[in-house]
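# here you go, sequence then predicted model.
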Amino acid sequence: MKGGYKVDLEFIRGDTQFIKFKLKDGLGNPITLTGRENIYFTVKQDPNSSKVLIQKKYPIDIKYQEGYFIFTMDSEDTSDLAYGTYQYDIVFKAEDFVKTLGVGTITLIEEITHRRDE
């Protein structure tokens, strides 16, 4: 896919997930942050939905460490969502520059131990 990577994810609904990715410039070097950038990880039912189900933002929820952007999807982020497949993207924004870094699906599968069982 030109302009971004397509990565489909599958995990158990309600599980904690750690997501890590690296950004590089056109020469393959890690990007240098200026403090004016924003990165958004957004999950919706489908691309045309106006309802955001999950969103993580840099620098609030997404952290930058040793060349990697890292964030956590907590149990609460998915535990109330229905089983099934959702759409996500990761968007980089620096002032007027906007770049979709990645897109894909997140498929939530059934857990065995539910909250009521804990």
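Received the coordinates, thanks. Numbers count the residues shown, from 1 in each chain.

# surely Lys24 meets Thr32?
No: between Lys24 and Thr32 there is no contact under CB atoms under 8 Å: 11.0 Å. C-betas here are computed from N, CA, C, even on glycine.

# what is the neighbour count of Met73?
By the criterion of other CB atoms under 10 Å, Met73 has 20 neighbours.

# then Lys24?
Close neighbours of Lys24, defined as other CB under 10 Å, add up to 10.

# read off the pLDDT value for the closest residue to it other than its chain neighbours.
Sequence neighbours aside, Pro30 is the residue nearest to Lys24 in space, at 6.0 Å (criterion: CB to CB, 6 or more residues apart in numbering). The model reports Pro30 with a pLDDT of 78.

# one more: Lys20?
What the model reports for Lys20 is a pLDDT of 92.

# ok, residues contacting the top strand by length along the chain?
If you go by DSSP state E, the chain has its longest strand at strand 97-109. Contact with strand 97-109 is made by 1, 3-13, 21, 23, 39, 43, 78, 81-93, as judged by CB atoms under 8 Å, 6 or more residues apart in numbering.

# chain center to it, what's the gap?
Computed by CA atoms, centre = their mean, to the nearest Å, the separation of strand 97-109 from the middle of its chain amounts to 6 Å.

# good, we can wrap up now.
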